[in-house]
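>>> Model the following, please.
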Amino acid sequence: METAARLSGKPSYLVGIFMHYNPMWGLHHAFAHEILLGLGRRLGELGGDFVLFPEAWSRNPLDYLGNCRRRGVDGAILMGIDLASSQIKALAESKLPCLFLDEDGSAYPGDNGYFIAWDHRQGIRQAVDYLYALGHRKIGLVEGLPNTYASRNRTEAFRERLADYGLPFRREWVAGDDFTRESGYYAMQAILRCSERPTAVVCQSDAMAVGALSALKQAGLACPDDMSIVGYDDIEVSRHLTPALTTVRQDTVLLGRLAADTIVQGITGGGAPREQVLPVSLIVRDSCGRVEQG
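The predicted structure follows:
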């Protein structure tokens, strides 16, 4: 069936979106939804639409190119996709414009790929700088999904920033294995079992920070009196928590709009930049307290 845009003679674009995420993520879904909101609105303004491929949840290798051809899409946007997948080679060898969100462009084998990512290293540096300025010298980390571009860069930046200040990176103060609330909860429980505890913890997502706060409360401890917590993402719920969460803000709606502009430029040959890095900013609320140096 022809779209209204095609019938009117205006250009129209159908974009395939592949999202690989655990359906148990729960609260962290808000993060993806905000990106899709900005993306969908901007595509609509440009005369386009998108089709979502939820089968990306599968553990089996996904036929990205085959799905695109079957649905007749003009370009593809991929979120959380493993660039080492056996099916990426077929996509790279095709002429289909592909936009990867929050991935490293140097790992993509083809020349039809575009990449937009946030400055994860800068975000973690801002979080550690803020905690250091408050007097914290014992800082832990709740990590996200292993080997993802975001988690890898955030962890590396965390280690480097601690070293800049001459602070130790203590392995026992690092826990977590996903960006979920559940992962944050169990990670904080592990950190609380340490004989010596950090005075502050940086969480690699707001969802993880929610879980960490729950574990603290269950242990009879308070934030920020007993431990300060910094989140990452600035999803809607973060400002409504008690205490309101200090976090690193990533503009998800802006990313969605830029993604729409970039993939449409790729489709039309409009010379979109191959790689774009977006700034982040620390949002200070109530979940961090000052530590006096004795």
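>>> so what's the closest residue to P243 other than its chain neighbours up against?
Once its chain neighbours are removed from consideration, P243 has its nearest residue in D286; the separation is 3.7 Å (C-beta to C-beta, 6 or more residues apart in numbering). In this view, the C-beta of every residue, glycine as well, is placed from N, C-alpha and C. Counting by C-beta atoms under 8 Å, 6 or more residues apart in numbering, D286 makes contact with P224, P243, A244, L245, T246.
>>> nearest residue to A260 other than its sequence neighbours?
Of all residues not flanking A260 in the chain, R42 sits nearest, at 3.6 Å (C-beta to C-beta, 6+ apart).
>>> can you check P109 too?
Residue nearest to P109 in three dimensions, not counting chain neighbours: A92, with 4.6 Å by C-beta to C-beta, 6+ apart.
>>> Restricted to buried residues, select the contacts of D286 in ChimeraX.
Only the buried members of these enter the following ChimeraX selection, criterion being 16 or more other C-beta atoms under 10 Å:
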select :224,243,245,246
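>>> and which of the contacts of D286 is nearest to D164?
Of all the contacts of D286, T246 has the smallest distance to D164: 20.5 Å, by C-beta to C-beta.
>>> That closest one is in contact with S281, isn't it?
No: counting by C-beta atoms under 8 Å, T246 sits too far from S281 to count as a contact (11.7 Å).
>>> Spit out the contact partners of D104.
L83, F115, A117, Y149.
>>> Pop the domain breakdown of the chain in here.
For the chain, whose domains are defined here by automatic domain parsing, the residue ranges read 4-118+251-278, 120-249.
>>> And the strands in this structure?
In order along the chain, the chain carries the following strands (DSSP state E): 13-19, 48-53, 75-79, 98-101, 113-118, 139-142, 174-175, 200-203, 228-233, 246-249, 275-278, 281-283.
>>> Per-residue pLDDT of S12, please?
We have a pLDDT of 76 for S12.
>>> what about G270, how many neighbours?
Residue neighbour count, defined by other C-beta atoms under 10 Å, stands at 10 for G270.
>>> now the one 4 residues further on
Residue crowding around R274 was assessed by other C-beta under 10 Å; the count is 12.
>>> Next: G72.
The criterion is other C-beta under 10 Å. On that basis, G72 has 9 neighbouring residues.
>>> out of the strands of the chain, which comes closest to A163?
Nearest to A163, of all the strands of the chain, is strand 139-142, at 12.1 Å by C-beta to C-beta.
>>> who touches that closest one?
Contacts of strand 139-142 with the rest of the structure, by C-beta under 8 Å, 6+ apart, involve 128, 131-132, 155, 158, 162, 167, 170, 173-176, 183-184, 187-188, 191, 197-204, 208-209, 212.
>>> Parallel or antiparallel, list what pairs with it.
For strand 139-142, sheet partners with direction are given as strand 174-175 (parallel), strand 200-203 (parallel), following DSSP bridges.
>>> residues in contact with the longest one?
Residues from elsewhere that reach strand 200-203 (C-beta under 8 Å, 6+ apart): 124, 127-128, 131, 134, 136, 138-142, 158, 173, 176, 184, 188, 191, 209, 212, 227-232, 288, 291.
>>> which phi and psi does the residue nearest to E292 when sequence neighbours are not counted have?
With C-beta to C-beta, 6+ apart as the criterion, E292 has its nearest non-adjacent residue at 6.2 Å, and that residue is G135. Comment: the main-chain dihedrals of G135 come out as phi 100, psi 0, following degrees, to the nearest 10.
>>> The chain should start at 14 in everything you say after this.
Got it, the first residue is 14 from now on, which makes the last one we talked about G148.
>>> and M92, what does it touch?
With contacts defined as C-beta under 8 Å, 6+ apart, the neighbours of M92 are I30, F31, M32, H33, Y34, A45, I48, F113, L114, D115.
>>> Give me the buried stretch members for stretch 128-143, please.
Taking 16+ other C-beta under 10 Å as the neighbour-count basis, stretch 128-143 is seen to contain the buried residues 128-141, 143.
>>> And for stretch 191-206?
Applying a neighbour-count criterion of 16+ other C-beta under 10 Å, one finds 191-205 buried in stretch 191-206.
>>> In helices only, show me the residues you listed.
R194, E195, S196, G197, Y198, Y199, A200, M201, Q202, A203, I204, L205 (DSSP state H).
>>> Go through those and name the one nearest A232.
Nearest to A232 among those is L205, at 5.5 Å by C-beta to C-beta.
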